[in-house]
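**Student:** Structure here, sequence nowhere to be found:
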């Protein structure tokens, strides 16, 4: 051991001054006997600091020596932990010292025989270790005070992964020296995990932030999900914190992907779901927001194992989950995304819509109870997201995700029996179709294609023919070459600038692989729709608002408008049921 001399204040003489613990004031007795302070330690040369930490951590990691100096009292444990906590906050250049300190804490947490006696049955020390390890994720600088090099950024990622592995091992073992993870201890662990995840995923200002998000972000969100799964906590305050954090993280693709793995794993686990009651379902639909716990398991499948894929390394999180816990997790997982219409990232928005489509498909193809989940039940589960998507067009950048929402809804309604169709669902669908057709852009083209592919007007949905007039307007736009439509025709410098921005967005869509409808296919679909409309009974035309587009397209063939008796039941649009 190097001598304790050097620049800075002279340490108070203590027994066995050459012993590593003596530097912290730990002698033969139980009381502390002085020792160096942190400023003194920092005043030493880098080589001396390294030697001191190496000797101290080596002693703490070695088998306990009953005859020599050791950490025997709570005060001595606090002195050691205070010093080690400061080491964890050193500049990233001194990562070897940080790593040695993490070795000590790993041993103290998971090797009971090597942990100091005061650490046993002491929740305060255990919580302090969790908080100190969180320092690993704080912004770091080099010893010179400048930005850290790329190689050292990777070192911080490695240290962060080690800290994450410690948190996960605590959850998997469900115990620390002398303590089992009771609800209050789980709450501490979960709050710490949420705090460090928030630090990592919200960073975007520096190159270091980007590196941590890219390389550490996937592991962080996976760890948080696994910790919540293993904790089996039903504390509203903790899940609320998770939702609040998720609202800031969901703009990142890596977060959406792991949420997708989470929700798809729960789909496999639960298998088949039905709405709990018609009253809950109506409340769920009318508000346009997910109602946590609004579904109940229809059948218990043979396996109770919940398997969730980890995107970062391809492994699987597997644990046994009861039906009741799985249902609770399902409700919380569906509530995590919040209001998707406030998302700004078009890619993240489109991915959420894709996962909702996957949920619908998986429920429809579920082998549970020998039959698929009905369309009405699927709409109670994912309908609020979809109906809100097709009735809100405030952000034109989200049109690709809107088109996905239309595809999912058209598919669900094409599989719907007449008795399953809730009038509220139909009203929301028709209002959404009307809004989409009025866009006169790729969303309009997508709706026209879906209408033809799904034989929408052959489904005999009540009130569907009320949409014929707006379809005529969209068909005119598609067939007569009025591709911009009146709402996007540039007449002022501001509108021209808007159109240029829209063209740029189209180019981005192509670059990102977004589907751009084939306009020739759209026009073919329009021709077939016109053929269908012209075969409608003549008395139906009297129910349409005048003038309708058929007069402009086929004035000589327009059916008689003399009869005013409708053949179909028209839905009543109640504004309070529509998303704001």
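**Tutor:** Right, received. Where do you want to start? No experiment lies behind these values; they were computed from the predicted model shown. Residues are numbered from 1 along each chain as shown.

**Student:** buried sites along whatever helix or strand residue 533 lives in?
**Tutor:** Using DSSP states H and E, residue 533 sits in helix 519-534. Neighbour-count burial for helix 519-534 flags 522, 525, 526, 529, 530, 532, 533 (criterion: 16 or more other Cβ atoms under 10 Å). Just so you know, the C-beta spots here come from the backbone N, C-alpha and C atoms, and that holds for glycine as well.

**Student:** what do you get for stretch 193-205?
**Tutor:** So stretch 193-205, judged by 16+ other Cβ under 10 Å, has buried residues 193, 194, 196, 197, 198, 199, 200, 201, 203.

**Student:** again with stretch 414-424
**Tutor:** Result for stretch 414-424 [16+ other Cβ under 10 Å]: buried residues 414, 415, 416, 420, 421, 422, 424.

**Student:** So which one of those is the model least confident about?
**Tutor:** pLDDT is lowest at residue 420 among these; the value there is 66.

**Student:** Same list (the buried residues of helix 519-534) but as CSV, adding pLDDT and distance to residue 258.
**Tutor:** CSV is the format used below for those (pLDDT from 0 to 100; distance: Cβ to Cβ, whole Å):
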residue, pLDDT, distance to residue 258
522, 89, 36
525, 90, 37
526, 90, 41
529, 89, 41
530, 86, 46
532, 84, 44
533, 82, 46
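
**Student:** any chance you could map the strands in this structure?
**Tutor:** Using DSSP state E, the strands of the chain run over residues 175-176, 179-180, 273-275, 295-297, 305-309, 316-320.

**Student:** other SSEs contacting the helix holding residue 533?
**Tutor:** helix 442-453, helix 468-479, helix 550-553 (3 or more Cβ pairs under 8 Å, 6 or more residues apart in numbering; DSSP states H and E).

**Student:** got the angle between the second one and helix 442-453?
**Tutor:** Read that as helix 468-479. 110 degrees (axes from the mean of the first three to the mean of the last three Cα atoms, to 10 degrees).

**Student:** Mind giving me the packing neighbours of helix 468-479?
**Tutor:** helix 423-437, helix 442-453, helix 519-534, helix 550-553.

**Student:** Hmm, residue 330 is touching residue 270, no?
**Tutor:** Yes. Residue 330 is within contact range of residue 270, at 6.2 Å (criterion: Cβ atoms under 8 Å).

**Student:** Please identify which of those two sits among more neighbours.
**Tutor:** More crowded of residue 330 and residue 270, by other Cβ atoms under 10 Å: residue 270, with 25 against 22.

**Student:** gap between that one and residue 422?
**Tutor:** From residue 270 across to residue 422, the span is 22 Å (Cβ to Cβ, to the nearest Å).

**Student:** ok, back up a step: out of the helices and strands packed on helix 468-479, nearest to residue 257?
**Tutor:** helix 442-453 (24.4 Å; Cβ to Cβ).

**Student:** now, which of the buried residues of stretch 414-424 sits nearest residue 476?
**Tutor:** Using Cβ to Cβ, the buried residues of stretch 414-424 come closest to residue 476 at residue 414, 25.7 Å.

**Student:** so the closest one sits right up against residue 459, yeah?
**Tutor:** Yes. Applying Cβ under 8 Å, one finds residue 414 in contact with residue 459, separated by 6.3 Å.

**Student:** before we move on, the earlier item: adding mean neighbour count and mean pLDDT, write the helices and strands packed on helix 519-534 out as a markdown table.
**Tutor:** Shown next, in a markdown table, are those (neighbours: other Cβ atoms under 10 Å; pLDDT from 0 to 100):
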| stretch | mean neighbour count | mean pLDDT |
| --- | --- | --- |
| helix 442-453 | 23 | 91 |
| helix 468-479 | 22 | 88 |
| helix 550-553 | 16 | 46 |
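
**Student:** With distance to residue 100 as extra columns, can I get those helices in JSON lines?
**Tutor:** Putting the helices and strands packed on helix 519-534 into JSON lines (distance: least, Cβ to Cβ, whole Å) gives the following:
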{"stretch": "helix 442-453", "distance to residue 100": "58"}
{"stretch": "helix 468-479", "distance to residue 100": "68"}
{"stretch": "helix 550-553", "distance to residue 100": "80"}
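
**Student:** Of all these, which one is nearest residue 140?
**Tutor:** helix 442-453 (45.5 Å).

**Student:** Poorly predicted segments of the stretch 51-200 of the chain, please.
**Tutor:** Within the stretch 51-200 of the chain, the stretches with pLDDT under 70 are 64-70, 141-148, 176-179.

**Student:** can you map out the helices along the stretch 351-500 of the chain?
**Tutor:** 375-390, 399-414, 423-437, 442-453, 468-479, 493-511 (DSSP state H, counting those that start in this stretch).

**Student:** do the stretch 201-350 of the chain as well
**Tutor:** Under DSSP H, counting those that start in this stretch, the stretch 201-350 of the chain gives helices at 207-231, 236-249, 253-270, 278-287, 323-335, 346-364.

**Student:** counting contacts, what elements does the last one pack onto?
**Tutor:** Packing partners of helix 346-364 (3+ Cβ pairs under 8 Å, 6+ apart): helix 253-270, helix 375-390, helix 399-414.

**Student:** Tell me what angle the first one forms with helix 236-249.
**Tutor:** Orientation check (the same axes, to 10 degrees): helix 253-270 against helix 236-249 gives 130 degrees.

**Student:** List the buried residues in helix 253-270.
**Tutor:** Buried-residue list, helix 253-270, by 16+ other Cβ under 10 Å: 254-267, 269-270.

**Student:** right, so of the helices of the stretch 351-500 of the chain, which gets closest to residue 109?
**Tutor:** Per Cβ to Cβ, nearest to residue 109 of the helices of the stretch 351-500 of the chain: helix 375-390, 40.8 Å.

**Student:** just to revisit the earlier point, make CSV out of the buried residues of helix 519-534 and add distance to residue 63.
**Tutor:** Below are the buried residues of helix 519-534 laid out as CSV (distance: Cβ to Cβ, whole Å):
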residue, distance to residue 63
522, 77
525, 78
526, 82
529, 82
530, 87
532, 85
533, 87
